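1. Can you look at this prediction? I've put the sequence above it.
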Amino acid sequence: MITATGGVPCTIGGVAGICLFDLNDSILIQDSNRGQVVMGQPMLTVQTSAFPTLDIDTPVTVDGKNYKVRERLRRGDSGLTNLFLGPA
């Protein structure tokens with residue numbers, strides 16, 4: 001499914017595969033006066049079963065750029081997982 005929708009090569013915890021890469025807006029800081037900081041948040045969508053190691057701080061490489069997993073959220077029946085990435 002991911003390959004057919006325009007996936008990109010990635011390596012997660014030493015396992016190579018295909019992922020969907022997005023740069024989404026994320027609210028980093030918000031205070032009671034409605035001030036906030038919005039920044040781009042790199043995110044991968046992966047087939048959960050294709051990558052046995054989806055732990056926090058797992059190294060990730062996408063298009064030659066290195067990241068680490070900062071958060072992971074399974075979707076629906078857990079067939080797909082969104083990985084929120086941070087700097088390596």
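-> Right, received. Where do you want to start?

2. ok, then the element right after the helix or strand bottoming out on mean pLDDT in the chain?
-> Lowest on mean pLDDT, DSSP states H and E among the helices and strands of the chain sits strand 15-30, with a mean of 81. Following strand 15-30 in sequence order, the next helix or strand is strand 36-47 (DSSP states H and E).

3. List the strands paired with that next one, with their directions.
-> Sheet pairing of strand 36-47 (DSSP bridges) gives strand 15-30 (antiparallel), strand 80-87 (antiparallel).

4. Please identify the most buried of these.
-> strand 80-87 (a mean of 17; mean count of other Cβ atoms under 10 Å). Where you see a C-beta, it was placed from the backbone N, CA and C, and this is true even at glycine.

5. still on that earlier bit, okay if I get the strands paired with strand 36-47 as CSV plus distance to residue 9?
-> Output for these, formatted as CSV (distance: least, Cβ to Cβ, whole Å):
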stretch, distance to residue 9
strand 15-30, 6
strand 80-87, 15
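
6. Could you pull up phi and psi at the residue nearest to residue 53 when sequence neighbours are not counted?
-> With sequence-adjacent residues excluded and distances taken as Cβ to Cβ, 6 or more residues apart in numbering, residue 53 is closest to residue 13, at 3.5 Å. Main-chain torsions, residue 13, degrees, to the nearest 10: phi 60, psi 30.

7. Verify the stated contact: residue 13 with residue 50.
-> No - using Cβ atoms under 8 Å, residue 13 makes no contact with residue 50, being 11.3 Å away.

8. can you list the weak-confidence ranges in the protein?
-> 1-5, 26-31, 34-35 (pLDDT under 70).

9. State the distance from the residue lying farthest from the centre of it to residue 21.
-> For the chain, the C-alpha farthest from the mean C-alpha position belongs to residue 33; by Cα atoms, centre = their mean, that distance is 30.4 Å. Distance of residue 33 to residue 21, given as Cβ to Cβ, to the nearest Å: 34 Å.
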